[in-house]
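Colleague: need a 3D model of the following:
(one chain, ligands or ions: 2)
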Amino acid sequence: MNDLSLNNLGFSIELRHACDAAEKSTRFLDYLISNAIAAAPDLKSDNTPVTIADYGSQIIILFYLIRNFPMDCFMGEEDIRKVFMNNKQYGEHITNLVRNIFPEINIKQVESYEKKIYSIGDRIWAIDPLDGTKGYIHNRQFSVAIALIENKTIKVGVLGCPKLYKLNSEKYSDKGGYLFFAERGKGAFVKSMNGKTIQKIKVNQINKIVEILYTESFDNSHININIHKQIADILNIKKPPLKIDSQIKYSLVAAGDVSLYLKIPRPNDYKEYIWDNAAGQLIVEEAGGTVTDLSGNEIYYEKTDKLMKNSGIIASNKIIHNEVVKITSQLF
Ligand code: AMP
Ligand code: MG
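Modeller: Numbers count the residues shown, from 1 in each chain. Ligands and ions are numbered 1, 2, ... in the order given. As a prediction, the model looks like this:
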């Protein structure tokens, strides 16, 4: 499929603005990287890292979405309010960096996000401005994730993946990065961020589980690695897992590069955030795949920031899904 624009593929205005916001924020992240602007991490209360890049990216995404959808609700991973309340100087530093690229963004508008971000309604944008912060800090993979959840159903999902060329695969050689996106009922697509070419993506058709390649978190502290190994042994999976940060794992399932993404939680009772999954899930489903929890239950999006009714994630090419769930459902 060549030279198709988002307009003439019949996508909604929501999908188009989500793609635009994701492209803008990845441009900002690239600017920080190429100017070696410090990604020194601070620790949040849950001990996960956060950087200027996370905050700046969220400001950009919120700015462009709120401008276009002022009546919607927004749940982002970062707490912009805290930055501006606790350390005004740091807040101004971030805003100045953002304004170097997008001068129309001003502090007043950023501060007004305070009122929007934790409000609850029927249309919720789930935003992870820098998914895989550890990958970003350590020069590995990361993504920018934006999803629209309307009445508990994911309607739009976008993943900006700027560093895929580091996978050393000919398929993803463009150094400008890739945008994966889907709208419910309209299929899943990938676009190189440098160019106009849009391609439809599909999960692969591998049905012999011994032949599959699966993917899991790069960071072993996010998964129960022993159980992952046990499952791979029981299923007789021969290839070692592709370890990769962020929701890129969903993109690779959707594009047929891997057949399975497995996430057994650690600790056992860990509940996933909506912004770590919603965009990726829709992209996999629209590419013909399936996403469930470890018991094979559908993923329930309530009006909260966590998936309280689910445990773990299995995303697959659909064909092998039941075989995997047969094992994981016995483990929990
Ligand atoms: P990944 O790169 O797939 O490992 O996922 C990155 C995301 O994992 C981050 O955005 C965190 O929100 C999330 N995360 C942090 N701690 C954990 C944990 N203990 N178990 C599962 N996910 C976690
Ligand atoms: Mg994340």
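Colleague: up against ligand 2, what does the stretch 151-300 of the chain have?
Modeller: Contacts of the stretch 151-300 of the chain with ligand 2, taken as CB under 5 Å from the ion, map to Asp276. C-beta here means a position set from N, CA and C on the backbone, and glycine is covered the same way.
Colleague: tell me which stretches of the stretch 151-300 of the chain form helices.
Modeller: Assigned by DSSP state H, counting those that start in this stretch, the stretch 151-300 of the chain shows helices spanning 225-234, 248-254, 278-286.
Colleague: dump the residue contacts of the nearest residue to Thr26 once chain neighbours are set aside.
Modeller: Distance criterion CB to CB, 6 or more residues apart in numbering; nearest residue to Thr26, sequence neighbours excluded, is Gly160 at 4.3 Å. Going by CB atoms under 8 Å, 6 or more residues apart in numbering, Gly160 touches Ala22, Glu23, Ser25, Thr26, Ser143, Val144, Ala145, Gly177, Tyr178, Leu179, Met193.
Colleague: gap between Gly160 and ligand 1?
Modeller: 15 Å (CB to the nearest ligand atom, to the nearest Å).
Colleague: so what's Asp72 up against?
Modeller: With CB under 8 Å, 6+ apart, Asp72 has these contacts: Leu65, Ile66, Gly121, Arg123, Ile124, Trp125, Leu148.
Colleague: which of these fall in strands?
Modeller: Among the contacts of Asp72, the ones falling in strands (DSSP state E) are Arg123, Ile124, Trp125, Leu148.
Colleague: closest one to Val98 out of these, please.
Modeller: Nearest to Val98 out of the ones in strands among the contacts of Asp72 is Trp125 (CB to CB; 18.6 Å).
Colleague: and what about the nearest residue to the closest one once chain neighbours are set aside, helix, strand or coil?
Modeller: Among residues not flanking Trp125 along the chain, Phe74 sits closest, at 4.8 Å (CB to CB, 6+ apart). Counting by DSSP: H, G, I helix; E, B strand; the rest coil, the backbone at Phe74 sits in strand.
Colleague: give me the number of residues near Phe74?
Modeller: 21 (other CB atoms under 10 Å).
Colleague: how about the one 10 residues further on?
Modeller: Applying the criterion other CB under 10 Å, we find 20 residues in the vicinity of Phe84.
Colleague: which non-adjacent residue is nearest it?
Modeller: Gly91 (4.1 Å).
Colleague: and the residue of the protein nearest ligand 1?
Modeller: Ser217 (3.1 Å; CB to the nearest ligand atom).
Colleague: mind showing which ranges of the stretch 1-150 of the chain have poor pLDDT?
Modeller: Where the stretch 1-150 of the chain drops to pLDDT under 70, the residues are 1-5, 7-8, 38-40, 43, 107, 110, 113-119.
Colleague: at 50 what do you get?
Modeller: In the predicted model, the stretch 1-150 of the chain carries pLDDT under 50 at residues 1-3.
Colleague: just to revisit the earlier point, let's have the helices of the stretch 151-300 of the chain in a markdown table, adding mean neighbour count, distance to Leu164 and mean pLDDT.
Modeller: A markdown table is the format used below for the helices of the stretch 151-300 of the chain (neighbours: other CB atoms under 10 Å; distance: least, CB to CB, whole Å; pLDDT from 0 to 100):
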| stretch | mean neighbour count | distance to Leu164 | mean pLDDT |
| --- | --- | --- | --- |
| helix 225-234 | 16 | 23 | 97 |
| helix 248-254 | 30 | 7 | 98 |
| helix 278-286 | 29 | 14 | 98 |
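Colleague: now stretch 204-222: how far from the chain's centre is it?
Modeller: Relative to its parent chain, stretch 204-222 has a centroid offset of 18 Å by CA atoms, centre = their mean, to the nearest Å.
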